[in-house]
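Undergrad: Here's my sequence, what's the structure:
(chains A and B)
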2 protein chains.
Amino acid sequence: MEKLDPYLNETTQNYIDSIPESRLKKAVAYALGGSGKRLRPKLMLSLIESHGMDSKPFLKAALALELVHTYSLVHDDLPAMDDDDLRRGQPTTHIQFDEATAILVGDALLSDAFKLISDTNALDAQTKVQMVHILSEKIGSRGMVYGQILDIASEGQAVTSDDLMKINLHKTSHLLEASILFGAITSKRAPLHAYESLARNLGLLYQIQDDLLEVEGNEATTGKSFSDERRGKPTFITLLGLEKTKALNAAYEKAIQESLVTLHLKGTPFAQLISTILYRTH
Amino acid sequence: MEKLDPYLNETTQNYIDSIPESRLKKAVAYALGGSGKRLRPKLMLSLIESHGMDSKPFLKAALALELVHTYSLVHDDLPAMDDDDLRRGQPTTHIQFDEATAILVGDALLSDAFKLISDTNALDAQTKVQMVHILSEKIGSRGMVYGQILDIASEGQAVTSDDLMKINLHKTSHLLEASILFGAITSKRAPLHAYESLARNLGLLYQIQDDLLEVEGNEATTGKSFSDERRGKPTFITLLGLEKTKALNAAYEKAIQESLVTLHLKGTPFAQLISTILYRTH
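TA: Take a look at the predicted model:
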């Protein structure tokens, strides 16, 4: 899906150009830059292409997903939240600028995401409303933000693997669900719950993978040097052990592969993109 | 417009009930409670009633405006922003709860506002899209958030009354414009720019009034004890003097009254609501 990059770059630049000259504009450009994979827009766009349609008329709606993802990272990194100084090897937005600017960058990206949906001329009004409905439900007080409050509440508490699953479902899966549903409704595919289920499993697998990759990355299997554990956050490996975590990962992978078969997506650009996640090494 | 209060209370409660039990739900309920005038929903709803329509089918979209206003207050009060401990005599959300929760409350309210628009069954898809477009434009990186960054950037700088007007236009007028435009498009009225102009003037007048009321409230005309000035923020009175500020206020009042005549709104519930603003004493 690298061929989408020039189009996404252009759509991103057009968006940045629409912001009046200001510290806000510079900080939004900074937050959207860097080495992000832009997985969410690509999930939407590659699904549209896998259904035989040109995805380019829908780039603005796809960029909305990246804006929401970036807003969530910028706010999560704030000192009052995860207090992270680095993101993908670069200073986080509140370090590079300041806290007030970072809060406003998140607020602007979140507001502007809905504008990009409403500005996607190739979508009919009914589909735009459906996207607004899906996105706001998946990221609001019943979605991603709820996941974040659960995550904060879990710190220093006794957490089960079910709790961790619930946090990941809201923090990660829900925005992936919105991304894949955006692709499905743009290309008028059904049943939506099948796409939603695939996305949900993908989000849960992603978090389990993170835990597994951290073990391999650290060349340590004791769990002692996980950065999340250093912050007092349990992982699937500390809760379930390495073997059960690997088995869980394999179960989600199997479910995702089966969904790709059921939805007749094997061999499509969408399936290729999913593969890059299933077999990622970092 | 007090007769709208029970309906707005019920719609607000239904919204809060939709949030899963959590610290987030408690904090959202706290932020939306208190003694707010709910001016923005009432501007929309009273305009609909002034056009002879029942406003109750549109309560959810109206509540969206209050959610956005409340999100902006909760984020503006944060330590990294205006650092306010009290709002309407009550502890601000980050004081009553904590900073992380306050950030998330704002994020949830902003996301959920768009959900409420998409959930307003009495609106057709085209009108919902128009509302999403208007709201996101008025509050995002070209609207309210841009006003907030201008406000922060102005601190400790030499500011003119034109600069102050520009800040107020973005920070205050734009959301009032969205509120009145919501009422106009729901009742299919045109020309929208006339409603927008009325709202713009109302927002600018509101800020000038704030400065004037603070003088009267403090029984001081020297400008020495304004709380905004204590924080290094200039006001119209410190920039223009009391007489010119009063003249400016009168000019906006005249323009608003003329708009009400042009739009055939004299004597309507909407005009009555506008009067309560024009002649407010606190």
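
Undergrad: pLDDT at the residue in the stretch 151-282 of chain A that chain B sits nearest to, what is it?
TA: Residue nearest to chain B within the stretch 151-282 of chain A: residue A:152 (5.5 Å; Cβ to the nearest Cβ). In this view, the C-beta of every residue, glycine as well, is placed from N, C-alpha and C. pLDDT, residue A:152: 93.

Undergrad: May I see the buried residues of the biggest helix by length in chain A?
TA: Counting residues, the longest helix found in chain A (DSSP state H) is helix A:192-217. Going by neighbour count (16 or more other Cβ atoms under 10 Å in any protein chain shown), the buried part of helix A:192-217 is A:195-212, A:214-215.

Undergrad: Please name every helix or strand in contact with that helix.
TA: For helix A:192-217, the helices and strands in contact under the criterion 3 or more Cβ pairs under 8 Å, 6 or more residues apart in numbering or on different chains; DSSP states H and E are helix A:161-168, helix A:174-186, helix A:227-230, helix A:236-240, helix A:242-262, helix A:269-278.

Undergrad: residues near the residue of the stretch 151-282 of chain A closest to chain B, how many?
TA: Neighbour count for residue A:152, taken as other Cβ atoms under 10 Å in any protein chain shown: 18.

Undergrad: With residue A:146 instead?
TA: 25.

Undergrad: Out of the helices and strands packed on helix A:192-217, which is the most enclosed?
TA: helix A:174-186 (a mean of 26; mean count of other Cβ atoms under 10 Å in any protein chain shown).

Undergrad: I'd like the distance from that helix to the chain centre, please.
TA: Put simply, helix A:174-186 sits 11 Å off its chain's centre (Cα atoms, centre = their mean, to the nearest Å).

Undergrad: and the direction of that helix versus that of helix A:192-217, what angle?
TA: 140 degrees (axes from the mean of the first three to the mean of the last three Cα atoms, to 10 degrees).

Undergrad: quick one: contacts of helix A:174-186?
TA: A:39-41, A:43-48, A:53, A:58, A:61-62, A:65, A:68-69, A:72, A:123, A:127, A:130-131, A:134-135, A:138-139, A:143-144, A:147, A:190, A:192, A:195-196, A:198-200, A:202-203, A:206, A:270 (Cβ atoms under 8 Å, 6 or more residues apart in numbering or on different chains).

Undergrad: between it and helix A:269-278, how many degrees?
TA: Computed by the same axes, to 10 degrees, the angle between helix A:174-186 and helix A:269-278 is 170 degrees.

Undergrad: so helix A:174-186 versus helix A:161-168, what angle?
TA: Using the same axes, to 10 degrees, the inter-axis angle of helix A:174-186 relative to helix A:161-168 is 50 degrees.

Undergrad: mean confidence score for stretch A:82-101?
TA: Rounded mean pLDDT across stretch A:82-101 is 95.

Undergrad: Output that stretch as CSV, nothing but the C-alphas.
TA: Presented in CSV, the C-alpha positions along stretch A:82-101 are these (Å, rounded to 0.1, in the frame of the first residue of the first chain):
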residue,chain,number,x,y,z
ASP,A,82,1.2,8.8,29.9
ASP,A,83,3.8,11.5,30.2
ASP,A,84,5.9,10.4,27.2
ASP,A,85,8.7,12.6,25.9
LEU,A,86,9.4,10.6,22.8
ARG,A,87,7.2,9.1,20.0
ARG,A,88,8.8,7.2,17.2
GLY,A,89,12.2,8.6,18.3
GLN,A,90,11.0,12.2,18.0
PRO,A,91,10.1,14.6,20.8
THR,A,92,6.3,14.4,21.5
THR,A,93,4.3,17.5,20.5
HIS,A,94,4.1,18.9,24.1
ILE,A,95,7.9,18.6,24.4
GLN,A,96,8.6,20.1,20.9
PHE,A,97,6.1,22.9,21.5
ASP,A,98,4.3,23.1,24.9
GLU,A,99,1.4,21.6,26.8
ALA,A,100,-1.2,24.2,25.9
THR,A,101,-0.3,23.8,22.2
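
Undergrad: ok, back up a step: looks like the residue of the stretch 151-282 of chain A closest to chain B contacts residue A:82 (just checking).
TA: No - with contact defined as Cβ atoms under 8 Å, residue A:152 does not reach residue A:82; the gap is 9.1 Å.

Undergrad: which neighbours do the two share?
TA: Joint contacts of residue A:152 and residue A:82 (Cβ under 8 Å, 6+ apart) do not exist.

Undergrad: need the contact list for residue A:173.
TA: Contacts for residue A:173 (Cβ under 8 Å, 6+ apart) come out as A:199, A:200, A:201, A:202, A:203, A:204.

Undergrad: ok, and the closest non-adjacent residue to it?
TA: The shortest distance from residue A:173 to any non-neighbouring residue, by Cβ to Cβ, 6 or more residues apart in numbering or on different chains, is to residue A:203 (2.8 Å).

Undergrad: Dihedrals phi and psi, the residue of the stretch 151-282 of chain A closest to chain B?
TA: For residue A:152, the backbone dihedrals (degrees, to the nearest 10) come out as phi -60, psi -40.

Undergrad: how close does the closest residue to it other than its chain neighbours sit to residue B:77?
TA: Excluding its sequence neighbours, the residue lying closest to residue A:152 (Cβ to Cβ, 6+ apart) is residue B:100, at 5.5 Å. Going from residue B:100 to residue B:77 by Cβ to Cβ, to the nearest Å gives 14 Å.

Undergrad: Equivalent analysis for residue A:245, please.
TA: From residue A:245 across to residue B:77, the span is 42 Å (Cβ to Cβ).

Undergrad: Could you pick out the residues of the stretch 101-250 of chain A near chain B for me?
TA: A:101, A:103-104, A:106-115, A:117-119, A:124-126, A:128-129, A:132-133, A:135-137, A:139-146, A:148-150, A:152-153 (Cβ under 8 Å from any Cβ of the partner chain).

Undergrad: Swap in 6 Å and give it another go.
TA: A:103-104, A:107-108, A:110-112, A:114-115, A:118, A:125-126, A:128-129, A:132-133, A:136-137, A:139-141, A:145-146, A:148-149, A:152 (Cβ under 6 Å from any Cβ of the partner chain).

Undergrad: so how far is residue B:43 from the residue of the stretch 151-282 of chain A closest to chain B?
TA: 36 Å.

Undergrad: do the same with residue A:234
TA: 49 Å.

Undergrad: what about the two, which has more around it?
TA: residue B:43 (27 against 22).

Undergrad: element containing the more buried one?
TA: helix B:39-50 (DSSP states H and E).

Undergrad: next structured bit after that helix?
TA: Following helix B:39-50 in sequence, per DSSP H and E, is helix B:59-76.

Undergrad: Check which helices and strands that next one is in contact with.
TA: helix B:5-17, helix B:23-32, helix B:39-50, helix B:99-118 (3 or more Cβ pairs under 6 Å, 6 or more residues apart in numbering or on different chains; DSSP states H and E).

Undergrad: and the angle for the shortest one with helix B:99-118?
TA: Spelled out, it's helix B:23-32. Using the same axes, to 10 degrees: helix B:23-32 against helix B:99-118 is 80 degrees.

Undergrad: other SSEs contacting helix B:23-32?
TA: helix B:59-76, helix B:93-96, helix B:99-118.

Undergrad: Show me the shaky parts of chain A.
TA: A:35, A:218-232 (pLDDT under 70).

Undergrad: Please consider this matter closed, and thank you.
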